[in-house]
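# next one to model:
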Amino acid sequence: MKIIRKTTSTCPECLRKISADIIEDKDNVYMIKECLKHGMFKVLLAKDISSYNQLSNAYFSVNSSNGRFISSSKQEDFILMLTYRCNLNCSICYTDSNNIKYKDPSIDEIKKAISGLKKSRIFLFGGEPTVREDLPQIIKTIIKSQNFPALFTNGIKLQDLSYCKKLKECGLKEVRLSFDSFDDKDYNKIRGISLLKEKLKTLHNLERLKIPTTLEVTVLRGINDKSINSLLDYAVNHNFIKGIFFRHYTYLGRKGFNYEKSYTLFELVDLVANQTKNKISKKDIISFQKLIYIYYKLINKRKCFHDLIYFLYRKDKNYITLKHLFNLNKLDSKIDCLLKSKKLKKSDFYLSLMTSLNIKSLFLLKEILHLFLKSSFSKEFNASEIQSNLLFIGFQTLCNAYTIDLELTKNCTSGILLPGKIENRCEGHVLHNF
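Presented below is the predicted three-dimensional model:
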């Protein structure tokens, strides 16, 4: 057993903050912690020591100074909890909607919550935000404040084309749609109801109105984990889809399944790699994350350790990956040199990027430069800015009381807007349930 680093976590029983060690044990990475009242906990974090160590070393190299972990910047994305009410009762709802007493914030309270923010992305969250009759007015309020609304939704109400159109006319910039499968059997197991017909109708409306959309896929072991290719194929062949996120079963709120149904981060990556027959490979994803860590540091934006991103290029009703665009071995070597340098420079970063392009991919130079430069200099960069030929894919594990690493939450990408204050998203989920 080897200690990788020390941190602080929580007791899963009483939520008291306690010391924790991140350790290597055989081929796995665990968090070990002990509560004086509830005893010892050994929590699996990763089954892939090599990938974990590569990313951990790169992440802490970029985000540490004089041996101390530091946050990269102020938060630019914020969660606005509009309600705990919902028109569904999913057994895996991590906000435990419909069971929590909560006074929906008024328009005036929302104005107060977002005052002082400008050109930030405001995630409209729930429960289900569309159960609020004043959602169009809320969107207008956010637009008027010069911020950018993004709607997290189950999509049930967006089946109504006129309603969907009204939200867009009010200024809705992007939709994050929960979409687990193209098989109603999976929805019945996960959500307790057949939903595919409703989901497809909503997708049709979003495409018709050209509303930038990201699919949010909650992956459960043994249920919908064989749906990867069908989801990818749909996303690749519909340009209004800007991204697809594969998330693990969070094990917060209503715990409708055993913890064993939850995937670890690198298991999600393995799942996609295996089902795409390594066309989307773990090795390439790991290399790209190190690049992203450097890039986000250079543009002074936060990057979550538990959130991996990658991108595909749509071509001839199919896609090509980064291995076709870059000499990844060459790029990886340059990235490692950048990580060892005493001072990161944008010029060195872009030089490494450009000199690693494959000659056959020079036609992509414009798209790549647009992607990196736009997000570098524009605080309001959002899904609508992503070119139609690019598709982001992501892998994410949200913190729960078992896995939360309070050292890493310092770099949490989203804050929760509360009356008079902004709370850390991860700590809000785990410690206070908002």
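
# correct me, but Phe245 touches Phe395?
Yes - counting by C-beta atoms under 8 Å, Phe395 is a contact partner of Phe245 at 7.5 Å. C-beta coordinates here come from the backbone N, C-alpha and C atoms, glycine included.

# next, count neighbours for the residue nearest to Tyr102 when sequence neighbours are not counted.
In this structure, Tyr102 finds its nearest non-sequential neighbour in Tyr84, 4.2 Å apart by C-beta to C-beta, 6 or more residues apart in numbering. Other residues within reach of Tyr84, judged by other C-beta atoms under 10 Å, total 22.

# more neighbours: Phe245 and Phe395, which one.
Shown here are Phe245 and Phe395; by other C-beta under 10 Å, Phe395 has more neighbours (24 against 19).

# and the pLDDT for the more buried one?
pLDDT recorded at Phe395 is 97.

# part of a strand, is it?
Yes - counting by DSSP: H, G, I helix; E, B strand; the rest coil, Phe395 falls inside a strand.

# contacting residues around it?
Counting by C-beta atoms under 8 Å, 6 or more residues apart in numbering, Phe395 touches Phe245, Phe246, Arg247, Leu265, Leu268, Val269, Val272, Ile285, Asp307, Leu308, Ile309.

# so the last one is in contact with Gln396, correct?
No - at 9.1 Å, Ile309 and Gln396 do not qualify as touching, with contact defined as C-beta under 8 Å.

# show me the shaky parts of the stretch 201-350 of the chain.
The stretch 201-350 of the chain contains no residues with pLDDT under 70.

# can you give me the helices in it?
Secondary structure of the stretch 201-350 of the chain (DSSP state H, counting those that start in this stretch): helices at 228-236, 265-275, 282-298, 322-325, 328-340, 346-354.

# output the ones you listed as TSV; include the columns mean neighbour count.
Below are the helices of the stretch 201-350 of the chain laid out as TSV (neighbours: other C-beta atoms under 10 Å):
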stretch	mean neighbour count
helix 228-236	18
helix 265-275	20
helix 282-298	21
helix 322-325	18
helix 328-340	17
helix 346-354	15
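
# out of the ones you listed, the one nearest Lys410 is which?
Of all the helices of the stretch 201-350 of the chain, it is helix 282-298 that lies closest to Lys410, at 14.0 Å by C-beta to C-beta.

# re the thing from before, quick check: which element contains the residue nearest to Tyr102?
Under DSSP states H and E, no helix or strand contains Tyr84.

# from Ile190, how far out is it?
When C-beta to C-beta, to the nearest Å is the yardstick, Tyr84 and Ile190 sit 20 Å from each other.

# could you do Leu88 as well?
Applying C-beta to C-beta to Leu88 and Ile190 gives a distance of 11 Å.

# so for these two, which residue has more residues nearby?
With neighbours defined as other C-beta under 10 Å, Leu88 and Ile190 compare such that Ile190 has more, 24 against 16.

# which residues touch that one?
Contact partners of Ile190, counting by C-beta under 8 Å, 6+ apart, are Cys90, Ser91, Ile92, Asp180, Ser181, Thr218, Leu220, Ile223, Asn224.

# before we move on, what about Glu260?
If you count contacts by C-beta under 8 Å, 6+ apart, Glu260 has them with Arg221.

# what's the answer for Ser352, then?
Leu331, Lys334, Ile335, Cys337, Leu338.

# if you set the cut-off to 7 Å instead, what comes out?
Leu331, Lys334, Ile335, Leu338 (C-beta atoms under 7 Å, 6 or more residues apart in numbering).

# quick check, nearest of the contacts of Ile190 to Lys261?
Minimum separation from Lys261 among the contacts of Ile190 (C-beta to C-beta) is found for Leu220, which lies at 4.7 Å.

# and that closest one, how far from Leu298?
Counting by C-beta to C-beta - Leu220 and Leu298 are separated by 37 Å.

# do the same with Ile228
Applying C-beta to C-beta to Ile228 and Leu298 gives a distance of 32 Å.

# so for stretch 113-130, mean pLDDT?
Average pLDDT, stretch 113-130: 92.

# picking that back up, among the helices of the stretch 201-350 of the chain, which comes closest to Ile32?
That would be helix 265-275 among these, by C-beta to C-beta, at 18.5 Å.

# who are the packing partners of the closest one?
helix 228-236, strand 241-248, helix 282-298, strand 390-396 (3 or more C-beta pairs under 7 Å, 6 or more residues apart in numbering; DSSP states H and E).

# let's see it at 10 Å
Applying 3 or more C-beta pairs under 10 Å, 6 or more residues apart in numbering; DSSP states H and E, one finds that helix 265-275 contacts strand 39-46, helix 49-62, strand 213-219, helix 228-236, strand 241-248, helix 282-298, strand 307-315, strand 390-396.

# relative to Lys343, which of the ones you listed is closest?
Using C-beta to C-beta, the nearest of these to Lys343 is helix 282-298, at 10.8 Å.

# between helix 49-62 and that closest one, find me the angle.
Calculated by axes from the mean of the first three to the mean of the last three C-alpha atoms, to 10 degrees, helix 282-298 forms an angle of 10 degrees with helix 49-62.

# number of residues surrounding the residue nearest to Ser71 when sequence neighbours are not counted?
The shortest distance from Ser71 to any non-neighbouring residue, by C-beta to C-beta, 6+ apart, is to Lys410 (4.7 Å). By other C-beta under 10 Å, 15 other residues sit near Lys410.

# circling back: can you pull the residues that touch both of Ile309 and Gln396?
Phe245 (C-beta atoms under 10 Å, 6 or more residues apart in numbering).

# in JSON lines: the contacts of Phe395, plus distance to Arg68.
Output for the contacts of Phe395, formatted as JSON lines (distance: C-beta to C-beta, whole Å):
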{"residue": "Phe245", "distance to Arg68": "31"}
{"residue": "Phe246", "distance to Arg68": "33"}
{"residue": "Arg247", "distance to Arg68": "30"}
{"residue": "Leu265", "distance to Arg68": "25"}
{"residue": "Leu268", "distance to Arg68": "30"}
{"residue": "Val269", "distance to Arg68": "29"}
{"residue": "Val272", "distance to Arg68": "35"}
{"residue": "Ile285", "distance to Arg68": "28"}
{"residue": "Asp307", "distance to Arg68": "22"}
{"residue": "Leu308", "distance to Arg68": "25"}
{"residue": "Ile309", "distance to Arg68": "26"}
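
# pick out the most distant pair among the residues you listed.
Checking those with C-beta to C-beta, the most distant pair is Arg247 and Ile285, at 15.6 Å.

# so Pro136 touches Leu172, yeah?
Yes - between Pro136 and Leu172 a contact is recorded at 8.8 Å, counting by C-beta atoms under 10 Å.
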